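Visitor: next comes the sequence, and after it the predicted model I'd like to discuss.
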Amino acid sequence: MTIDPNNYPLRPDEITTAWLEAALKSSNSMPASAGISSIARRPIGVGVGMLGLIEVVTPTYSGDAGNAPKSVVVKYPTEVEGNLAVATTFNVYEREVRFCQLLGPKAGLRLPKLYFAHTTSASSFIMVMEDLSGYALGDQVEGCSVKQAEMSIIEMAKLHAAFWEKVDSDEFQFVPYHFPTVHSDAMLQGATAGWDAMVAIFGDVISPELKNNKDKFLATVPKMQEWIVSHPHTLVHGDWRMDNLMFGVEPDHAPMAVLDWQGTLRSKGVQDLAYLLSHNMDVTERRDNERALVAMWHSELLKNGVKNYTADQAWDEYRRAVLYLWVYATVIAGTLDPSNERGKAFMTAMVTRSSSAIGDLDGIALLDTF
C-alpha cells in the first residue's frame with residue numbers, strides 16, 4: 001500500500017484506517033502483511049496546544065502486527081481561525097515537521113519517534129508520532145518545580161551545545177533567525193497589537209512599571225531582537241514550557257522528553273532558559289533558585305563542549321532575555337484565543353510570572369542598554 005503525501009487528513013474526523021495503515025507502513029513501523037481493521041480516537045492537550053489539534057489514535061490490527069505501535073499521537077492544524085493565522089504567519093508547521101525529520105536525531109534529546117510527517121503549505125500538516133502517554137506531562141498552570149527545572153536545564157544544554165555556533169549553514173535554512181525575519185516582524189506587530197488587549201484582561205497581575213513603559217518597551221523591541229541573534233547563537237526550542245515537557249516515571253523511561261518543535265529558531269540559547277524560568281516557575285521558587293539554575297545551565301554547556309562563554313555572560317544574557325520575552329507574553333495573552341478556561345489560566349500564570357521576573361531583575365532599567 002502506498003501513501004499520497006499530498007492527500008492527508010487535516011482534521012481528526014478525516015483520518016481513516018487505510019490512511020493510518022499506509023502511514024505506518026511507509027516508515028516500516030508495521031509489517032507489510034498486517035492491516036488495521038479499526039481505530040479509536042481520543043483528544044489530548046485540551047487547553048495546552050493552541051496552534052494544533054492533538055489526539056491519541058489506537059489501531060486494532062488484523063494479522064500479526066509484530067512490534068507495531070499500540071497507539072500513536074497524531075497532530076493536525078488548529079481549527080481556530082485566528083490561531084491558524086498565527087501558525088501560518090510564523091510557518092510553525094513546516095518548522096516542526098522538518099526539525100523532527102532532519103535535526104531531531106542530532107539534538108541529543110529524547111523526542112517521540114516519528115512515524116510519518118508531511119506538510120504541503122504553511123497552513124496544513126500532519127504528524128504521526130510515538131505515544132509517550134506513559135510519561136508524566138508537565139503543567140504550566142501548576143508550574144515548574146526546582147527538580148523539573150534542573151532536569152530541563154540538563155536537556156536544553158545538550159540541545160544548545162549540539163548546535164552552538166553551528167547554525168549558519170544551509171542545513172538550517174528552514175529554521176528562521178529570530179531577527180530580521182518574518183518571525184521578528186510578526187512578534188513586534190503582535191506585541192504592538194496585543195498590548196492593550198492583554199492589559200485589559202490581565203492588567204491586575206502586571207506591574208505598574210511595565211504598564212507605564214509600553215511605548216519605550218515596544219520602541220526597543222527591534223534592538224532587543226537584534227541582540228538576541230548576536231553571537232554566540234545556537235538552535236533553540238523556542239517554546240520550552242511545562243506543557244511541552246514529559247517526565248519519565250518508569251525505570252526504562254528517559255528522564256525527560258521534549259515535545260512541540262513548532263517554535264524552533266536560530267537565537268541565543270538563553271532564550272529557552274529564560275522562558276522556562278520566568279514564565280513557568282512559581283515566583284517565590286524562581287527568586288530563591290534563579291542564580292543557581294542559571295549557573296547550572298552555564299556549567300552544563302561547558303560539560304557539553306561549549307567554550308569561551310563565561311558565567312557572567314550567562315547571567316547578563318539571562319536578564320536581557322527575561323525582559324525581551326515579555327514580547328511573547330504580550331503576543332500570547334493579547335492576540336491568541338485561549339478557547340477554554342484552562343488556556344486562560346496558563347496565560348494568567350505566564351503573565352504574572354513574567355511581570356514579576358522583570359521587576360525582580362530590574363529589567364526596565366536594561367532598556368537603555370540595548
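Guide: Noted; the coordinates are in hand.

Visitor: all strands of the stretch 201-350 of the chain, in order?
Guide: 234-236, 245-247, 256-258, 265-267 (DSSP state E, counting those that start in this stretch).

Visitor: which residues are contacting the second one?
Guide: If I follow you right, that is strand 245-247. 132, 135-138, 148, 151-152, 255-259 (CB atoms under 8 Å, 6 or more residues apart in numbering). C-beta: built from backbone N, CA, C; applies to glycine.

Visitor: could you rerun that using 6 Å?
Guide: The contact list for strand 245-247 (CB atoms under 6 Å, 6 or more residues apart in numbering) reads Leu132, Tyr135, Ala136, Leu137, Gly138, Met256, Ala257.

Visitor: the helices in this structure, which residues?
Guide: Chain-ordered helices for the chain, with DSSP state H as the definition, fall at 17-26, 81-90, 92-98, 146-162, 182-202, 208-212, 214-228, 270-280, 283-303, 311-324, 326-335, 341-360.

Visitor: extract the CA atoms of the fifth one and return them as PDB.
Guide: This file holds the C-alpha atoms of helix 182-202, laid out as PDB (Å, rounded to 0.1, in the frame of the first residue of the first chain):
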ATOM      1  CA  VAL A 182       9.000  37.400   9.400                       C
ATOM      2  CA  HIS A 183       9.300  36.000  12.900                       C
ATOM      3  CA  SER A 184      10.700  39.200  14.400                       C
ATOM      4  CA  ASP A 185       8.400  41.400  12.400                       C
ATOM      5  CA  ALA A 186       5.300  39.400  13.500                       C
ATOM      6  CA  MET A 187       6.400  39.400  17.100                       C
ATOM      7  CA  LEU A 188       6.700  43.100  17.100                       C
ATOM      8  CA  GLN A 189       3.400  43.600  15.300                       C
ATOM      9  CA  GLY A 190       1.700  41.100  17.600                       C
ATOM     10  CA  ALA A 191       3.100  42.800  20.700                       C
ATOM     11  CA  THR A 192       2.000  46.200  19.500                       C
ATOM     12  CA  ALA A 193      -1.500  45.000  18.500                       C
ATOM     13  CA  GLY A 194      -1.900  42.800  21.600                       C
ATOM     14  CA  TRP A 195      -0.600  45.100  24.400                       C
ATOM     15  CA  ASP A 196      -3.800  46.900  25.200                       C
ATOM     16  CA  ALA A 197      -6.000  43.700  25.000                       C
ATOM     17  CA  MET A 198      -3.600  41.900  27.300                       C
ATOM     18  CA  VAL A 199      -3.700  44.800  29.800                       C
ATOM     19  CA  ALA A 200      -7.500  44.800  29.600                       C
ATOM     20  CA  ILE A 201      -7.700  41.200  30.500                       C
ATOM     21  CA  PHE A 202      -4.700  40.600  32.700                       C
END
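
Visitor: can you tell me, leaving aside adjacent residues, what's nearest to the residue most central in space within the chain?
Guide: Geometric centre of the chain, nearest residue: Asp239, 2.8 Å, by CA atoms, centre = their mean. Once flanking residues are discounted, Asp239 sits nearest to Gly263: 3.9 Å by CB to CB, 6 or more residues apart in numbering.

Visitor: also Asp360?
Guide: Arg287 (6.1 Å).

Visitor: per-residue pLDDT, the one you found?
Guide: Looking at Arg287, its pLDDT is 97.

Visitor: could you do Ile332 as well?
Guide: Reported pLDDT for Ile332: 89.

Visitor: that one: neighbour count?
Guide: Residues within reach of Ile332, counting by other CB atoms under 10 Å, total 23.

Visitor: same question, Asp4
Guide: So Asp4, with other CB under 10 Å, has 9 neighbours.

Visitor: again, but for Lys223
Guide: Other residues lying near Lys223 total 14 when counted by other CB under 10 Å.

Visitor: next one: Glu130
Guide: 16.

Visitor: how about Lys113?
Guide: A count of neighbours around Lys113, defined by other CB under 10 Å, yields 15.

Visitor: that one and Leu132, how far apart?
Guide: In this view, Lys113 and Leu132 are 9 Å apart by CB to CB, to the nearest Å.

Visitor: ok, now Glu209?
Guide: On the measure of CB to CB, Glu209 and Leu132 end up 41 Å apart.

Visitor: out of the two, which sits in the busier spot?
Guide: Neighbour comparison, Glu209 and Leu132: the larger count goes to Leu132, with 19 against 14 (by other CB under 10 Å).
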